[in-house]
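Student: I would like the atomic coordinates for the input below:
(chains A and B)
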Number of protein chains: 2
Amino acid sequence: MVSKSQISFIKSLQQKKFRKEHRFFVAEGFKSVTEFMASGYQINAVYYTPAFDAKLHKLSKKVNFQDISVAEMQKISSLTTPQEVLAVINLPEWPNLTHTSLLNQFTLVLDGVQDPGNLGTIIRTADWFGISNIICSDDTVDAYNPKVVQATMGSLARVNLHYANLATLLPQLNLPVFGALLNGNNIYTANFGTEGLVVMGNEGNGMRPEIQQLITQAITIPRLGGAESLNVAIATALFCGELSRKRFK
Amino acid sequence: MVSKSQISFIKSLQQKKFRKEHRFFVAEGFKSVTEFMASGYQINAVYYTPAFDAKLHKLSKKVNFQDISVAEMQKISSLTTPQEVLAVINLPEWPNLTHTSLLNQFTLVLDGVQDPGNLGTIIRTADWFGISNIICSDDTVDAYNPKVVQATMGSLARVNLHYANLATLLPQLNLPVFGALLNGNNIYTANFGTEGLVVMGNEGNGMRPEIQQLITQAITIPRLGGAESLNVAIATALFCGELSRKRFK
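Tutor: Sure, this is the predicted structure:
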């Protein structure tokens, strides 16, 4: 059973302002829910339909499990085709990022990425390449947006998303700032060293001028063909791949 | 003016069976339409609203331009927010691929890619990296699907898409066949030579066993973190980047 007020509460979490107010978000589907349960996230409640009963109870005894009908799942889900399980999860509070906390690793920085699918794919890609932190400008799409959570395929449970005023935070971190820009150094021959921030811009407008000013090394993915630009998730993946490949040589 | 029968004809091209029957497809938006006009594609008709009058007439005098209202554009468009221009374009007929036609280059092969956004992004990425041909299994999503056309951002005008029975065609081409598989050679250290086919599998199920059998070198993108898999467009981009970087060393 799920009450009317629970339905409207869970549905409200599809909107950023209610996620911020209540400090919860929603994840759906077996893979996503189990990844969050296996992570440090605090699970508030798990709603499941009969199909998932057996599997779920093995996962944890500490969680508030609620057995609901398929019709009820349809009412609380944000998906066109609801899955058999939905979790309400506490929004995390990450410790503040510092120079020291980001040494010996690369950290992605997103300046105004707008498309939930792009952000979800970037988080999933970062997770593949072992990147632990992504710093987003305050106007980047919210990582706890249901479409983003869905697109990360569970990776959001392992990559920490930090929202900040980039113009303030980046100089404080005092790390090399690599920026995906035109007319920079060739990504294939550039020297990235062992740590730094890699800044990607908005889908249509690229990086804001005030953020471009903070770049210590502009980096370009050389173009061989006719396309005017690369999708931001694709460009991010090419940076992640290039930083990763250095470990294998 | 656009007649009732024109409206239903143009709308019908949103479906693959009518595209196949009539041998036409639709592109929308200034960038996409102008890229097709500048390419070898044969344009059947261009519909435009008053906003685009001036710009369009500069493009070509040989094309059948039709001046329509915003309300009419809404009727023929597949977009939630229709743009100011829509073109009806002849489906191309590419010459058959042969061993000789694919020497000294890399060609992408997609085995059952289903998501229009993924295919569109793959085409756009291929175009960036100067890849001329993509071979798709017959059950790969149709490249002339309006969502794919939209996602390519005009790159479909420059990359040739071939649909084929891969199990028949690949052996005939007699080229090295690299496959994105688990437990293959490390992509960063593998020797790709100067030509070949790079095969990517379906989003959920990967590559079919009968296609896996045709792989001459399995290649793996090493994982450093926790994600179970990479999005297929991301994996394709990492292959394109790796093949491209060899030209810059």
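
Student: domains in chain A, as residue ranges please.
Tutor: A:4-90, A:100-248 (automatic domain parsing).

Student: Could you single out the most deeply buried of those?
Tutor: By mean neighbour count, with neighbours taken as mean count of other Cβ atoms under 10 Å in any protein chain shown, domain A:100-248 ranks first of these at a mean of 20. (Glycine included, C-beta is placed from N, CA and C.)

Student: model confidence over that domain, on average?
Tutor: What domain A:100-248 shows for mean pLDDT is 96.

Student: Determine whether any part of that domain lies close to chain B.
Tutor: Yes. Domain A:100-248 lies within reach of chain B by Cβ under 8 Å from any Cβ of the partner chain, at A:117, A:121, A:124-131, A:153-155, A:158, A:186, A:188-189, A:221-231, A:233-234, A:237-238, A:241-242, A:244-245, A:247-248.

Student: Select from those every entry located in helices.
Tutor: A:117, A:121, A:124-128, A:233-234, A:237-238, A:241-242, A:244-245 (DSSP state H).

Student: Just give me the closest of those to B:His162.
Tutor: Closest approach to B:His162 among these (Cβ to Cβ): A:Ile234, at 22.4 Å.

Student: Could you measure from the closest one over to B:Ser101?
Tutor: Distance, A:Ile234 to B:Ser101, using Cβ to Cβ, to the nearest Å: 27 Å.

Student: again, but for A:Ser5
Tutor: For A:Ser5, the distance to B:Ser101 - Cβ to Cβ - is 65 Å.

Student: Check A:Gly241 too.
Tutor: Look at A:Gly241 and B:Ser101: by Cβ to Cβ, they are 29 Å apart.

Student: same deal with A:Ile89?
Tutor: 53 Å.

Student: A:Asn160 now?
Tutor: From A:Asn160 to B:Ser101 the distance is 49 Å (Cβ to Cβ).

Student: Please name the spatially closest residue to A:Ala233 (chain neighbours excluded).
Tutor: Of all residues beyond its chain neighbours, the one nearest A:Ala233 is A:Thr121 (4.1 Å), with distances taken as Cβ to Cβ, 6 or more residues apart in numbering or on different chains.

Student: who's in contact with the one you found?
Tutor: Residues in contact with A:Thr121 (Cβ atoms under 8 Å, 6 or more residues apart in numbering or on different chains) are A:151, A:233, B:231, B:233-234.

Student: In a markdown table, list those residues along with distance to A:Ala180.
Tutor: Compiled in a markdown table, the contacts of A:Thr121 are given as follows (distance: Cβ to Cβ, whole Å):
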| residue | distance to A:Ala180 |
| --- | --- |
| A:Ala151 | 21 |
| A:Ala233 | 12 |
| B:Asn231 | 19 |
| B:Ala233 | 17 |
| B:Ile234 | 15 |
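
Student: Which strand in chain A has the most residues?
Tutor: Assignment by DSSP state E gives strand A:177-186 as the longest strand of chain A.

Student: Report the angle between whichever helix or strand comes after it and helix A:232-245.
Tutor: As assigned by DSSP states H and E, the chain's next helix or strand after strand A:177-186 is strand A:196-201. Angle, strand A:196-201 to helix A:232-245, by axes from the mean of the first three to the mean of the last three Cα atoms, to 10 degrees: 160 degrees.

Student: tell me the centre residue of chain A?
Tutor: Nearest to the geometric centre of chain A sits A:Ile123, at 4.1 Å (Cα atoms, centre = their mean).

Student: What residue in chain A is the furthest from its centre?
Tutor: Among residues of chain A, the one most distant from the C-alpha centroid is A:Met1; the distance is 31.7 Å, by Cα atoms, centre = their mean.

Student: That one is in contact with A:Ile68, isn't it?
Tutor: Yes. At 6.9 Å, A:Met1 and A:Ile68 qualify as touching, with contact defined as Cβ atoms under 8 Å.

Student: show me what contacts the nearest residue to A:Arg245 once chain neighbours are set aside?
Tutor: Counting by Cβ to Cβ, 6+ apart, B:Tyr188 is the residue found nearest to A:Arg245 once chain neighbours are left out, at 4.2 Å. Neighbour list for B:Tyr188: A:244-245, A:248-249, B:222, B:242 [criterion: Cβ under 8 Å, 6+ apart].

Student: check contacts around the residue lying closest to A:Val85 once chain neighbours are set aside.
Tutor: Nearest non-adjacent residue to A:Val85, counting by Cβ to Cβ, 6+ apart: A:Tyr48, 4.5 Å away. Residues near A:Tyr48 by Cβ under 8 Å, 6+ apart: A:56, A:65-68, A:84-86.

Student: Could I get the residues you listed in JSON lines, plus columns for secondary structure and pLDDT?
Tutor: Output for those, formatted as JSON lines (DSSP: H, G, I helix; E, B strand; the rest coil; pLDDT from 0 to 100):
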{"residue": "A:Leu56", "secondary structure": "helix", "pLDDT": "63"}
{"residue": "A:Phe65", "secondary structure": "strand", "pLDDT": "87"}
{"residue": "A:Gln66", "secondary structure": "strand", "pLDDT": "89"}
{"residue": "A:Asp67", "secondary structure": "strand", "pLDDT": "90"}
{"residue": "A:Ile68", "secondary structure": "coil", "pLDDT": "94"}
{"residue": "A:Glu84", "secondary structure": "coil", "pLDDT": "92"}
{"residue": "A:Val85", "secondary structure": "strand", "pLDDT": "94"}
{"residue": "A:Leu86", "secondary structure": "strand", "pLDDT": "96"}
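
Student: elements contacting the helix or strand hosting A:Lys11?
Tutor: Assigned by DSSP H and E, A:Lys11 belongs to helix A:4-12. For helix A:4-12, the elements it packs on are helix A:16-22, helix A:70-76, judged by 3 or more Cβ pairs under 8 Å, 6 or more residues apart in numbering or on different chains; DSSP states H and E.

Student: which one of those helices lies closest to B:Val199?
Tutor: Judging the helices and strands packed on helix A:4-12 by Cβ to Cβ, what sits closest to B:Val199 is helix A:70-76, at 38.1 Å.

Student: Averaged pLDDT, the closest one. What do you get?
Tutor: Average pLDDT, helix A:70-76: 96.

Student: What is it packed up against?
Tutor: On a contact count with 3+ Cβ pairs under 8 Å, 6+ apart, helix A:70-76 meets helix A:4-12, strand A:43-48.

Student: Columns mean pLDDT on top of those, output as JSON lines?
Tutor: Below are these laid out as JSON lines (pLDDT from 0 to 100):
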{"stretch": "helix A:4-12", "mean pLDDT": "96"}
{"stretch": "strand A:43-48", "mean pLDDT": "94"}
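
Student: among these, which is nearest A:Ala27?
Tutor: Closest approach to A:Ala27 among those (Cβ to Cβ): strand A:43-48, 9.2 Å.

Student: Quickly run through the sheet partners of the closest one, with directions.
Tutor: Note on strand A:43-48: by DSSP bridges, its sheet partners are strand A:65-67 (parallel), strand A:85-90 (antiparallel).

Student: do you know which of those lies nearest A:Ser12?
Tutor: Across these, closest to A:Ser12 is strand A:85-90 (Cβ to Cβ), at 11.0 Å.

Student: just the CA coordinates of whichever helix or strand comes after the closest one, formatted as CSV?
Tutor: Using DSSP H and E, the helix or strand that follows strand A:85-90 in sequence is strand A:106-111. Taking C-alpha atoms only, strand A:106-111 is exported to CSV below (Å, rounded to 0.1, in the frame of the first residue of the first chain):
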residue,chain,number,x,y,z
PHE,A,106,41.8,14.1,-12.7
THR,A,107,38.4,15.7,-12.0
LEU,A,108,35.8,16.7,-14.6
VAL,A,109,34.3,20.2,-14.5
LEU,A,110,31.1,20.9,-16.4
ASP,A,111,30.2,24.5,-17.3
